[in-house]
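In: how would this look folded up:
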Amino acid sequence: MAKRKEENFCSPENAKRPRQEELEDFDKDGDEDECTISFTNGTSTLTAAEVGIIESIQLRNFMCHSMLGPFKFGSNVNFVVGNNGSGKSAVLTALIVGLGGKAVATNRGSSLKGFVKAGQNSADISITLRNRGDDAFRANVYGDSIVVQQHISMDGSRSYKLKSEKGHVVSTRKEELIAILDHFNIQVDNPVSVLTQEMSKQFLQSKNEGDKYKFFMKATQLEQMKEDYSYIMETKERTKEQINQGEERLTELKRQCLEKEERFQNIAGLSTMKTNLEYLKHEMAWAVVNEIEKQLNAIRDNIRIGEERAAKLDRKMEEQQVRLNDAEKKYKDIQDKLEKISEETNARAPECMAMKTDVIAKTRAYNEAEVLYNRSLNEYKALKKDDEQLCKRIEELKKSTDQSLEPERLERQRKISWLKERVKALQDQDNSINQEIEQFHQAIEKSKQEHIRIKEDLDVKHTLSYNQRQLKDLKDSKTDQLKRFGPHVPALLEAIDDAYRRGHFTHKPIGPLGACIHLRDPELALAVESCLKGLLQAYCCHNHSDERVLQSLMKKFYPSGTSRPQIIVSEFRNEVYDVRLRAAHHPEFPTVLTALEIDNAVVANSLIDMRGIETVLLIKNNSVARTVMQSQKPPKNCREAFTADGDQVFAGRYYSSENTRPKFLSKDVDSEISELENEIENKKAQIVNLQQHLSALEKDIKRNEELLKRCQLHDKEIKMKIRKNISEIRELENIEEHQSVDIATLEDEAEENKIKMQMVEKNMEQQKANMENLKSLKIEAENKYDAIKLKINQLSDLADPLKDELNLADSEVDSQKRGKQHYEDKQKEHLDTLNKKRRELDMKEKELQEKMSQARQICPERIEVKKSASILDKEINRLRQKIQAEHASHGDREEIMKQYQEARETYLDLDNKVRTLRRFIKLLEEIMTHRYKTYQQFRRCLTLRCKLYFDNLLSQRAYCGKMNFDHKNETLTISVQPGEGNKASFNDMRALSGGERSFSTVCFILSLWSIAESPFRCLDEFDVYMDMVNRRIAMDMILKMADSQRFRQFILLTPQSMSSLPSSKLIRILRMSDPERGQTTLPFRPVTQEEDDNQSR
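Out: Below is the predicted model of the structure:
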């Protein structure tokens, strides 16, 4: 391969005097800028760049170098080669800083003052940019080149000088430099334009998919677009806030303007106000008459409607009596049927229990017999196996008598080794199978426990029936609150009232107690019910004589065998006990006594005696209750506490409540009805789900038992193989080379083993016969038990509907009685209200006559009034105040008019500004919507182009890869597979070698180069981790891209020699020599073709 011309940096004789670089054209026949010959196999005809590329860089006192340059770069490909410390990275750092980049962007320091060479006061950077052609920046001022000079002081400050081609200073402002960079689209902080050594290493070693995505966004300037959109949206929100503030200000200005206008008009209209006041007084007089007439008409309508309703109630009462008679007859018939079924079920219950006990005993006997049989079977198999081995051993000994011992010993050792390896493999397999067996056992046991639990859960029919009865009681309690304490309570209380009127009681009994108390805080309803429990349904009697009378009354409403309310016998007192000394006290939480409103002293005293409600605290939160009662010393006199969930808390114990809602003290009946209806529906759905789950569990158990049986059989086979192999090993190890074996002894042992086998076999047959007999007895007992249990279940199934029907019939009777009483009470109440309305009508007619007489005195002619009297009264008062204020105020008319005009102009001006801002916001939203769609489309196009270039570049090395962009989570995943893509799966770049990852990264950077616009590209030590093959392929790709993009400049920094590159006038190499000790200047001189060839050799 032909050697190409290089540029070499040599040490000067005088280190303080810089030497100018004397570069020669690689092709003396033509200018480099006008060349069209490709250094690859391509046929590109693109011309060199005219604007924005770097023509030269010169450094003084920068970093650790006293003088570098000037370096003259070619318009296409430039390699800066040299060892570490030779100044390559200094050139790249100076390029970033010299074009306005921040010190942090170089990864070489955090402040500009760190770039000034030690011992010097300042540093200087000079960069020459090309400025030719139609796109030149102010060509008439700068000419064909723009020189950017930057001076950095020790304090970290810097200044700029922007010079023309002729050396004239055009500007010293940074804004001018920014304008030049924007015009040339130069982005020194963009890693695609300038990729420093530290950033390159960091990117190569980065494992974060988010960092790759940020790199892509920054390289394509999408990140800047996104930030611009965010800033615009923030501006829009601030504008909206201004609009809201303006609207609030508008409201205030409008109010002030109206006040000024009103004041101005009031001065001119004082006489008009007085006239209006007289007219309002006339309207007021007749407005009062109108309102009384409306009230009279309403009363007459109510009386007419009431009379119609009274007749309707009479008809309802007659219909209700007929329904009550039918309901009582139906209840009696159902009750008779249910009693017959209950007697038959009770008669069969003892027999069923006896059958169940018999089944359990016979099942246990059968299981014990089965265990004994299996034990004998295993013993028989072991004896049989021993017999086979003894026979085999005897045969082997007989055959081996005449054979040579040495070959037999070697063969024996080989076989022992092979058997030990096989035993080890079988033991590993046995351990694995044992684990599977244990897992199957656990799965089966878990499924069986779940099966039992679900069967228990399926018994929710009684709960469902109870909930349905409770729902019925709640619906009934909407019309009668006493019904909540039991379906018979209203009738019992009527009987108590009747007995008291007849003189059967010394004092009328009080109850139920729950109806005599009221909660101060409804959220404590469940807590109070959990505390009082059955006392809410209890009754209080003055003495035992009254108790006996009450018991006789209760027998009529509570049949024998059913629970009756508790009766508390205590002398009635008119004053509540003084419990201040023994009551519990807490600053935050009440006791049950203080949480209740109890009007009757007898009720309060009974609850204090029976439950000690003055010592029980109510704490809504469970954790707080534990803290108060258990984490610290309980409050004085406090025995226990209840939470809002009904949980009971003692100093050392905690009991959860079984109830989830209050039954007696809740005020929101409709909510409880709705919750109970939902619960009933859920229970029905639960039954269906449990049945489905039960069926699935049975299938799982059956399948797991089959798999378990297979594993157990397999395990037995493996254990037999292990025992067989171990036995063979022992036999082989026990053979002695020089001793004969007593065959007769083995034959005697085999004969003895056969006798044992016959005894075990006979015992097995007896045990099997016993087991079969026990099995038949067990099955027979199970069949008898199932038959009687089925009969009882059938009777229970017949009883359940009858119970439900009885409950419904009972509820129907109560409902009809309650309905009848309801209509009677309504009729009485309605007639009282109707008579009251008639008396009210007479009074209103008299009042109307008086008001009409007064109105004619004020205004003889009746006028039509549309406003109410209250509104007219407010208007009269307001008008009087205005007239008085105008009389008292003597303000200047001109001044008031001026204030009105100023207020009006201020209001109109602000209103116009707010309207303008609204139009601006609307237009901005339309524009932003369109531009954001364009931004998404642009991002999609760049993503597709990047993927296409990346795949194309990888294919040159026969690699396959893919890029996954996740714009939502802002991640970029790159997967690369060396070799044929259809023969291996894609790997993450972290799984690649250093060279493969570096090559893949170069492909990624080149794909970004293909989609990002910039006049030059700088890349520092891109091939540091590559092997020779990947470096060669990466270099070819870079050169190929450079050839296809001659309008761009490429500056590549590498420690490699680059001696194997093709010869081309588009490639320029700046070779930097290693600095000598104490050297501060790195000059260079051009190298001839002959010297280049000699160095290559």
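In: Just after the lengthiest helix in the chain, pick out the following helix or strand.
Out: Counting residues, the longest helix found in the chain (DSSP state H) is helix 270-399. Counting by DSSP states H and E, the next helix or strand C-terminal to helix 270-399 is helix 405-457.
In: Packing partners of that following helix?
Out: Secondary-structure packing of helix 405-457 (3 or more C-beta pairs under 8 Å, 6 or more residues apart in numbering; DSSP states H and E): helix 669-734. Bear in mind the C-beta positions are built from the backbone N, C-alpha and C, glycine included.
In: so what does the helix it packs on touch, helix or strand wise?
Out: Applying 3+ C-beta pairs under 8 Å, 6+ apart, we find helix 669-734 packed against helix 270-399, helix 405-457, helix 461-477.
In: Including distance to Lys214, could these go into JSON lines?
Out: Conversion of the helices and strands packed on helix 669-734 to JSON lines gives the following (distance: least, C-beta to C-beta, whole Å):
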{"stretch": "helix 270-399", "distance to Lys214": "71"}
{"stretch": "helix 405-457", "distance to Lys214": "48"}
{"stretch": "helix 461-477", "distance to Lys214": "61"}
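In: Quick check: which of the ones you listed is nearest to Gln1056?
Out: Closest approach to Gln1056 among the helices and strands packed on helix 669-734 (C-beta to C-beta): helix 405-457, 54.3 Å.
In: show me where pLDDT drops low in the stretch 301-450 of the chain?
Out: Scanning the stretch 301-450 of the chain for pLDDT under 70 picks out 397-409.
In: So which elements touch the helix or strand hosting Lys846?
Out: Lys846 is part of helix 743-858 when elements are defined by DSSP H and E. The helices and strands touching helix 743-858, judged by 3+ C-beta pairs under 8 Å, 6+ apart, are helix 270-399, helix 461-477, helix 489-501.
In: residue closest to the middle of the protein?
Out: With distances taken as C-alpha atoms, centre = their mean, the residue of the chain nearest its centroid is Asn969 (16.4 Å).
In: part of a helix, is that residue?
Out: No - under DSSP: H, G, I helix; E, B strand; the rest coil, Asn969 falls outside any helix and is assigned coil.
In: who are the neighbours in contact with it?
Out: For Asn969, the contact set (C-beta atoms under 8 Å, 6 or more residues apart in numbering) is empty.
In: how close does it sit to Tyr935?
Out: Distance, Asn969 to Tyr935, by C-beta to C-beta, to the nearest Å: 18 Å.
In: What ranges does the stretch 901-1050 of the chain have for its strands?
Out: 960-966, 971-977, 987-988, 1016-1020, 1049-1054 (DSSP state E, counting those that start in this stretch).
In: in its sheet, what does the second one sit against?
Out: Looking at strand 971-977 with DSSP bridges, its paired strands and their directions are strand 960-966 (antiparallel), strand 987-988 (antiparallel).
In: May I see the buried residues of the longest one?
Out: Within strand 960-966, the residues that count as buried by 16 or more other C-beta atoms under 10 Å are Cys960, Gly961, Met963, Phe965.
In: which one of these is nearest Tyr380?
Out: The closest of the buried residues of strand 960-966 to Tyr380 turns out to be Cys960 (C-beta to C-beta; 65.4 Å).
In: Make sure the closest one is actually in contact with Leu953.
Out: No - here Cys960 does not reach Leu953: they are 11.8 Å apart, not a contact under C-beta atoms under 8 Å.
In: list the contacts for the residue lying closest to Glu970 once chain neighbours are set aside?
Out: Using C-beta to C-beta, 6 or more residues apart in numbering and skipping the chain neighbours, the partner closest in space to Glu970 is Tyr213 (5.0 Å). Tyr213 sits next to Phe965, Asp966, Glu970, Thr971, Leu972 when contact means C-beta under 8 Å, 6+ apart.
In: right, and the pair among those with maximum separation?
Out: The farthest-apart pair in the contacts of Tyr213, when distances are taken by C-beta to C-beta, is Phe965 and Glu970, at 9.4 Å.
In: tilt between the longest strand belonging to the chain and strand 1016-1020?
Out: Secondary structure of the chain per DSSP state E: the longest strand is strand 51-62. Interaxial angle of strand 51-62 relative to strand 1016-1020 (axes from the mean of the first three to the mean of the last three C-alpha atoms, to 10 degrees): 40 degrees.
In: now the helix or strand just after strand 51-62: how far from the chain's centre is it?
Out: Proceeding N to C from strand 51-62, the next assigned helix or strand is strand 65-72, under DSSP H and E. Relative to the centre of its chain, strand 65-72 is centred 60 Å away, using C-alpha atoms, centre = their mean, to the nearest Å.
In: Partner strands of strand 65-72, with direction?
Out: Using DSSP bridges, strand 65-72 pairs in its sheet with strand 51-62 (antiparallel), strand 1081-1082 (parallel).
In: Just tell me which of the ones you listed ends up closest to His830.
Out: Closest to His830 of these is strand 51-62 (C-beta to C-beta; 99.5 Å).
In: Tell me what angle the closest one forms with strand 1049-1054.
Out: Going by the same axes, to 10 degrees, strand 51-62 makes 40 degrees with strand 1049-1054.
In: before we move on, the earlier item: same list (the strands paired with strand 971-977) but as CSV, adding distance to Trp418 and mean pLDDT.
Out: Formatted as CSV, the strands paired with strand 971-977 follow (distance: least, C-beta to C-beta, whole Å; pLDDT from 0 to 100):
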stretch, distance to Trp418, mean pLDDT
strand 960-966, 47, 84
strand 987-988, 42, 60
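In: Any idea which of those gets closest to Met1035?
Out: Among the strands paired with strand 971-977, strand 960-966 comes nearest to Met1035, with 19.5 Å by C-beta to C-beta.
In: on that earlier part again, for the strands paired with strand 971-977, give me CSV that also has distance to Ala604.
Out: Converted to CSV, the strands paired with strand 971-977 look like this (distance: least, C-beta to C-beta, whole Å):
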stretch, distance to Ala604
strand 960-966, 71
strand 987-988, 78
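In: can you tell which of these is closest to Glu379?
Out: With C-beta to C-beta as the yardstick, what comes closest out of these is strand 987-988 (59.4 Å).
In: re earlier: wait, which of the helices and strands packed on helix 743-858 is closest to Gly514?
Out: Gly514 lies closest to helix 489-501 among the helices and strands packed on helix 743-858, at 10.0 Å (C-beta to C-beta).
In: And the residue nearest to the centre of the chain, how close does it get to Gly210?
Out: Taking C-beta to C-beta as the measure, Asn969 and Gly210 are separated by 8 Å.
In: List the contacts of Thr973.
Out: With C-beta under 8 Å, 6+ apart, Thr973 has these contacts: Glu209, Lys212, Met963, Asn964, Asp966, Asp988.
In: quick one: which two of these are the most distant?
Out: It's Asp966 and Asp988 that sit farthest apart of the contacts of Thr973, by C-beta to C-beta, at 14.7 Å.
In: Can you pull out the low-pLDDT segments for the stretch 1-150 of the chain?
Out: For the stretch 1-150 of the chain, applying pLDDT under 70 flags the ranges 1-48.
In: Fine by me, thanks again.
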